[in-house]
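**Student:** return atomic coordinates for the entry below.
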Amino acid sequence: SKIIKFRKDQILMNRRNFIKNTGLMGLSLTSIPVFGKSIASINDFVSNRPLKKNRTYQSDAVEETISFIKSKIKNKELSWMFENCYPNTIDTTVDYEIIDGKPDTFIITGDIDAMWLRDSTAQVWPYLPLVKKDVKIKNLIKGLINRQAKCVIRDPYANSFYKDLSKTSAHNKDVPTPIPGVHEQKWEVDSLCYVIRLSYNYYKLTNDSTIFDKTWIKSVRIILDTFLTEQRKNGQSPYRFVRFGSAMVDAPLFSGTGRPFKPNGLICSMFRPSDDATMYPFLIPSNIFASISMKQLSEIFKDEDIDIHFSQRCLSLSKEIDSAIKKYAVKEHLDFGKIYAYEIDGFGNNLFMDDANVPSLMSLGYLDPTFLNDEIYLNTRKFLLSENNPYFLKGKSAEGQASPHTGKDKIWPMGIILRAMTSDNDSEITKCIQMLINTHAGTGFMHEAFDKDNPENYFRSWFAWANTLFGELIIKIFNERPHLLKKDFSA
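**Tutor:** Purely as a prediction, here's the structure:
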């Protein structure tokens, strides 16, 4: 998998390659945390950001936001964490240039020198509200939209890419072998949804329709075609994925084709957002995300008068998915009533769990706030935070959602963050913030996952998505519940 198979020497090599390629050579180890060691004295709370001259991208609006929000946070440790985390994407992961007269933004995920469609959108998402305030943020995001379109055209089934589209994959023993420029070809429905999510919301905020050029239009037509193909109404798909190794979650069963399924209008996803293979192919959070995305794409093509017929096709697919969700994915639970299953196969088999990622069942209220008033979602959320969810862990350090991707004993900070972001309860939000303060292991950054009993034992010291998502949480709290940032948060 993209995470647990990377040894420390591999991570360091990836980091060195990116530093060399993006002008960060000479960046001291006081700037970026490495492998669980606290870089700054926890009592001094010295910034762990790279020196200004070594940052991969800079924005006055981001700096102003950091200063303003920090001034509203009473707890010094929480303020320090925000300062480190919120700008982590632009500080350390951006490769920006002008290509063919257009902005082009390539964003690595952190400790892996590749760009995930999902992660890259999520990494810049907290900066999107600044798009009309700072032209550099506007160009950053516009450049990413341009880059993502190229990636989709390159391979719509791939989840991650290299900037050099001639580069041979590190996973070149996978079957089939990824084409040059593709890091990994794991078919995840949500990857393509994130491309639409970024374009749609950028457009809505800026009214800048210049992003809808021939390349972008070609890419989203491919997205629709791919979704329709992966409904597999004839039971067939051109996609398969085989990886040789000991990780059972690294590839679908049955020679990379997955378990049997019964077509029902939903889209098959062979992998989850964690990059783990699905148990059943109809991954419900990703299908809900796809329904949202198709509706957004339909709106763009209609409002911009690009192609009314295509708009109607997108809307039709959105409605078909939504109808199938209501008919096949809502199940009666013995203790919680009607809830959303995580995965289904169309035969009546269901999986009740969640994976601490986005999209997830928990994150539905984050992706679409209308879910926060949906009874089925609220029932599902109660289930997810109960002992009935096999991946909700309670330990000495914290409680929170886990993922099969990182084993049976590690909690994801991202899960704790999403719990706070989908809560309307001050006590619950406060509890989540306190757990995040208690579990960063002195680094001032979020990690992918930490041991429920020992936060010093964690995965990934450089995981930009989790960092910027934490920054987004703090800003959301300031906007909606500023009184919570005035708390002491004493451990």
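
**Student:** where's the most centrally placed residue in the chain, which helix or strand?
**Tutor:** For the chain, the residue nearest the mean C-alpha position is Asp119 (4.5 Å; Cα atoms, centre = their mean). For Asp119, the element it lies in under DSSP states H and E is helix 117-124.

**Student:** mind giving me the packing neighbours of the following helix or strand past that helix?
**Tutor:** Note on helix 117-124: by DSSP H and E, the next helix or strand toward the C-terminus is helix 135-154. If you count contacts as 3 or more Cβ pairs under 8 Å, 6 or more residues apart in numbering; DSSP states H and E, helix 135-154 packs onto helix 60-70, strand 94-99, strand 102-107, helix 117-124, helix 189-206, helix 214-229. In this view, the C-beta of every residue, glycine as well, is placed from N, C-alpha and C.

**Student:** which among these is found nearest to Asn146?
**Tutor:** Smallest distance to Asn146 across the helices and strands packed on helix 135-154 (Cβ to Cβ): 5.4 Å, for strand 102-107.

**Student:** what's next to that closest one, contact-wise?
**Tutor:** Residues from elsewhere that reach strand 102-107 (Cβ atoms under 8 Å, 6 or more residues apart in numbering): 89, 93-98, 115, 119-120, 123-124, 139-144, 146-147, 163, 464.

**Student:** in stretch 174-189, what counts as buried?
**Tutor:** Within stretch 174-189, the residues that count as buried by 16 or more other Cβ atoms under 10 Å are 174, 178, 181-189.

**Student:** now, those residues that are in strands?
**Tutor:** Residues of these located in strands (DSSP state E): 182-184.

**Student:** show me where the stretch 251-400 of the chain has strands.
**Tutor:** For the stretch 251-400 of the chain, applying DSSP state E, counting those that start in this stretch gives strands covering 282-283, 330-333, 337-340, 343-344, 350-351, 392-394, 399-401.

**Student:** and these, which is most packed in?
**Tutor:** Greatest average neighbour count among the strands of the stretch 251-400 of the chain goes to strand 282-283 (a mean of 31), per mean count of other Cβ atoms under 10 Å.

**Student:** for that strand, packing partners?
**Tutor:** Where contact means 3+ Cβ pairs under 8 Å, 6+ apart, strand 282-283 is packed against strand 343-344.

**Student:** quick one: strands adjacent to the strand it packs on?
**Tutor:** Neighbouring strands of strand 343-344 in its sheet, by DSSP bridges, are strand 282-283 (antiparallel), strand 350-351 (antiparallel).

**Student:** show me what it is in contact with.
**Tutor:** 266, 278-284, 328-329, 350-351.

**Student:** in the chain, where is pLDDT below threshold?
**Tutor:** Regions of the chain meeting the criterion pLDDT under 70 cover residues 1-43, 491.

**Student:** tell me how far Lys218 lies from Pro180.
**Tutor:** Counting by Cβ to Cβ, to the nearest Å, the gap from Lys218 to Pro180 is 20 Å.

**Student:** sorry, wrong one. I was asking about Ser120.
**Tutor:** Going from Ser120 to Pro180 by Cβ to Cβ gives 20 Å.

**Student:** next, format the strands paired with strand 343-344 as JSON lines and append distance to Lys133.
**Tutor:** What follows is the strands paired with strand 343-344, written out as JSON lines (distance: least, Cβ to Cβ, whole Å):
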{"stretch": "strand 282-283", "distance to Lys133": "36"}
{"stretch": "strand 350-351", "distance to Lys133": "43"}
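
**Student:** ok, the buried residues of stretch 174-189 vs Met435, which is closest?
**Tutor:** Using Cβ to Cβ, Glu188 is the member of the buried residues of stretch 174-189 that lies nearest Met435, at 28.3 Å.

**Student:** name the element Ser461 belongs to?
**Tutor:** Taking DSSP H and E as the definition, one finds Ser461 inside no helix or strand.

**Student:** that one touches His447, doesn't it?
**Tutor:** Yes. Taking contacts as Cβ atoms under 8 Å, Ser461 lies within contact range of His447: 6.6 Å.

**Student:** neighbour count winner among the two?
**Tutor:** More crowded of Ser461 and His447, by other Cβ atoms under 10 Å: His447, with 26 against 23.

**Student:** may I have the phi/psi pair for the residue nearest to that one when sequence neighbours are not counted?
**Tutor:** In this structure, His447 finds its nearest non-sequential neighbour in Tyr458, 4.1 Å apart by Cβ to Cβ, 6 or more residues apart in numbering. When read as degrees, to the nearest 10, the backbone of Tyr458 gives phi -140, psi 170.

**Student:** report the contact partners of Trp187.
**Tutor:** Going by Cβ under 8 Å, 6+ apart, Trp187 touches 157, 159, 230, 239, 241, 269-271.
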